[in-house]
Structures are given as structure tokens and as C-alpha cells.
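# The sequence and its predicted three-dimensional model are supplied below.
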Amino acid sequence: MKKNILTILSCLASCFSMADNEIVVVYKDGGEHHFHVDNVKQIFLTQDTTEIDVSNWKGSVTGVISNYPYVDLGLPSGTLWAVYDVGAKAPSETGSRYAWGEVLPKDIYTSETYKWAEFDDCLLTKYCSNSKYGTVDSLFALQPEDDAATFNWGKDWRTPTSKEIDELIQGCKWECLRNPAGAYRGTSKVNGNVIYLPQTNYVGGTIQGHHWSSDLDSLNSNRAHLLYQNEYGWDAIVEEEFWDYFKNNCWERYEGRGVRAVVNRRSDEQQ
């Protein structure tokens with residue numbers, strides 16, 4: 001990747017030392033990161049000159065089911081993945097965000113606004129496997145009526161399982177894109193078809209992409225599995241580090257995250 005790198009030498013750092021002996025980076029969300037000038041050798045400003053024309057982000061389209069395109073990545077289970085997120089109209093678009101087990105987007109995502117929690121004590125009222133967290137019902141996976149993919153795209157579509165997310169990760173060769181930041185591109189190891197995953201959130205100064213699975217965290221009913229992607233995957237030096245930024249993880253259920261729907265392979269697929 002081509003970059004223009006401007007190096008501001010240590011003399012600039014000495015200028016900061018005249019003030020509070022700190023260099024402060026202020027993020028768009030208001031967060032701050034402080035660096036003591038004694039620990040700063042150089043400051044780099046980088047500009048990525050490699051632009052991606054997002055209008056060409058079509059990915060691979062194998063067919064259409066219930067008016068929504070899917071891509072066949074040749075995965076062992078036969079699972080077919082949607083070409084774009086629920087709430088989007090193209091792979092490059094960020095779709096709608098949903099709390100886990102809710103089917104409509106909203107403005108505020110907190111434990112107090114979560115559908116499946118009591119407001120007073122935030123105890124769970126559905127999808128709970130331990131009385132420590134609420135009313136036990138031993139439901140470990142989303143039911144169709146609580147699945148954002150099914151509700152918004154029809155009965156053929158659903159949110160992927162945690163196992164299917166693992167299969168997607170393992171079945172493709174992945175790369176993290178610099179522009180747009182936080183997006184990931186996967187190329188099937190079997191048939192070469194391509195799937196794009198856009199960034200979906202801006203959290204603590206970091207661009208991230210989180211896509212829910214349909215499965216509850218078996219150890220903590222307040223959390224559910226998701227596909228986690230972080231913009232810093234592009235900067236991974238070794239492969240092991242890359243997988244810290246792109247993996248199956250668990251997150252708080254009440255938070256708003258994206259949904260990339262899947263559909264089962266069937267004999268009457270519409271082409």
C-alpha cells in the first residue's frame with residue numbers, strides 16, 4: 001500500500017514540553033489519549049494514497065432469495081451469506097444496528113432500553129441460563145420472532161450461528177482495508193468468491209465492525225457471540241496478531257450491532 005509519510009522530528013515534541021509535558025490526541029467521540037513527551041521520539045502523520053472506489057463494492061453475487069442477494073463461498077455447511085448487512089442496500093453501506101434479540105433499530109442502546117431486561121434491576125426476562133442474570137428459560141439461541149434478519153428479510157433469512165461465523169472466518173482469506181477504515185474483505189479458499197464486511201461502529205476512538213450471531217454466551221447470559229472486527233487489523237505484523245482484531249467474540253446484548261444474514265442452501269434457489 002502506498003503512503004506519503006511526513007515525519008515531524010523530535011524538536012516538535014520539545015515544543016509540547018513547554019506546556020504540560022504531554023501530547024494529547026483528541027478523538028472525534030471526545031475521548032483523549034495522553035503521551036508524555038519524554039516517551040515520544042517522533043510523530044508520524046500518514047496519508048493513505050490508495051483509494052477504494054466504494055461504488056465498485058459489489059462483491060460476488062451467486063443468486064437471490066426473497067429479493068436479497070447472497071454469495072456462495074463454498075463453505076462445508078452450505079451456508080449462503082448475504083451480500084450486504086440488514087438495513088443496507090450495498091456491501092459498502094453500514095446497515096441498521098440492533099440490540100441482540102431485538103428486531104428494530106433505535107436511537108439509544110443501554111441496559112435500561114433493552115427489551116429483554118427489567119428496568120429496575122436489569123435482570124434478564126428472556127434468553128437466560130443462570131438465575132444470577134434473571135429468569136431462567138434455558139434458551140441459548142434466538143427464536144425466529146426475535147431475529148432481526150428473519151423479521152426484516154423474511155422467513156428464509158436468519159442471523160448466523162456462532163459456529164457459522166467460525167466457518168466464515170476459517171473458510172476465507174481475509175484482509176483489513178485502510179480505506180474505508182475498518183472494513184474487511186474475505187476471499188473464499190474454495191471458489192474465490194468475495195464477501196465484504198463494512199465497519200459498523202465507532203467505539204472509544206476506534207472504528208469497529210460487530211455482527212451478531214444468534215447464540216448466547218454460555219458463561220454469561222448478558223452477552224452474546226458476534227463477529228468482531230477492528231480497524232487495526234491492517235497494521236498487524238504477524239498473522240497471530242491479525243486474529244486479535246478479527247474473531248468470534250462476545251459482547252453485551254443491549255448494545256447496537258450489525259447483522260449479516262444467512263440462508264440455508266436449498267434446491268429451489270432463485271437465480
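Yep, that arrived.

# from here on, contacts and neighbour counts on C-alpha atoms
OK.

# Quick check: which ranges of this protein have low pLDDT?
1-58, 119-121, 178-182, 200-209, 230-246, 266-271 (pLDDT under 70).

# In it, which helix is the longest?
The residue-count maximum for a helix in the chain (DSSP state H) belongs to helix 162-171.

# Grab the nearest non-local neighbour of Glu167.
Closest residue to Glu167 apart from its sequence neighbours, by Cα to Cα, 6 or more residues apart in numbering: Leu75 at 7.1 Å.

# just Gly154 next, same as before
Ser66 (7.2 Å).

# got the contact list for that neighbour?
Listed by Cα atoms under 8 Å, 6 or more residues apart in numbering, the contact partners of Ser66 are Trp153, Gly154, Asp156.

# mind listing what's buried in the longest helix of the chain?
Neighbour counts using 16 or more other Cα atoms under 10 Å place Ser162, Glu164, Ile165, Leu168, Ile169, Gly171 of helix 162-171 among the buried residues.

# any idea how far Ala149 is from the closest residue to the fifth one other than its chain neighbours?
Closest residue to Ile169 apart from its sequence neighbours, by Cα to Cα, 6+ apart: Lys247 at 7.4 Å. Lys247 sits 21 Å away from Ala149 when distances are taken as Cα to Cα, to the nearest Å.

# Compare these two (neighbour count), which wins?
Ala149 (25 against 18; other Cα atoms under 10 Å).

# Sketch out the helices for the stretch 51-200 of the chain, chain order is fine.
Under the criterion DSSP state H, counting those that start in this stretch, helices of the stretch 51-200 of the chain are mapped to 148-153, 162-171.

# now those in CSV, with distance to Glu255?
Conversion of the helices of the stretch 51-200 of the chain to CSV gives the following (distance: least, Cα to Cα, whole Å):
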stretch, distance to Glu255
helix 148-153, 14
helix 162-171, 18
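
# quick one, which of the ones you listed is nearest to Leu139?
Proximity to Leu139 (Cα to Cα) singles out helix 162-171 among those, at 14.8 Å.

# Can you select the buried ones from the contacts of Ser66 in PyMOL?
Listed next is the PyMOL selection for buried residues among the contacts of Ser66, using 16+ other Cα under 10 Å:
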select buried, resi 153
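
# Can you add distance to Ala183 and give the contacts of Ser66 back as a markdown table?
Written out in a markdown table, the entries for these read as follows (distance: Cα to Cα, whole Å):
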| residue | distance to Ala183 |
| --- | --- |
| Trp153 | 23 |
| Gly154 | 27 |
| Asp156 | 27 |
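
# How far does stretch 176-187 stretch from one end to the other?
End-to-end distance for stretch 176-187: 12 Å, by Cα to Cα.

# right, I mislabeled it, should have said stretch 113-132
Across stretch 113-132, the terminal residues are separated by 20 Å (Cα to Cα).

# which residues make contact with that stretch from outside it?
Contacts with stretch 113-132, where a contact means Cα under 8 Å, 6+ apart, come from 99, 101-102, 111-112, 133-142, 216, 218, 221-222, 254.

# one more time with 10 Å
99-102, 106-108, 111-112, 133-143, 215-222, 253-255 (Cα atoms under 10 Å, 6 or more residues apart in numbering).

# which among those residues end up buried?
Neighbour counting with 16+ other Cα under 10 Å marks 99-102, 111, 133-136, 140-142, 215-217, 220-222, 253-255 as buried within those.

# In strands, which of the residues you listed appear?
Under the assignment DSSP state E, the buried ones among the contacts of stretch 113-132 contribute Asp215, Leu216 to strands.

# Give me the neighbour count for Asn191.
A count of nearby residues for Asn191, using other Cα under 10 Å, gives 12.

# whoops, Lys115 was the one
Using other Cα under 10 Å as the criterion, Lys115 is surrounded by 16 other residues.

# So it versus Asn130, what's the distance?
Going from Lys115 to Asn130 by Cα to Cα gives 18 Å.
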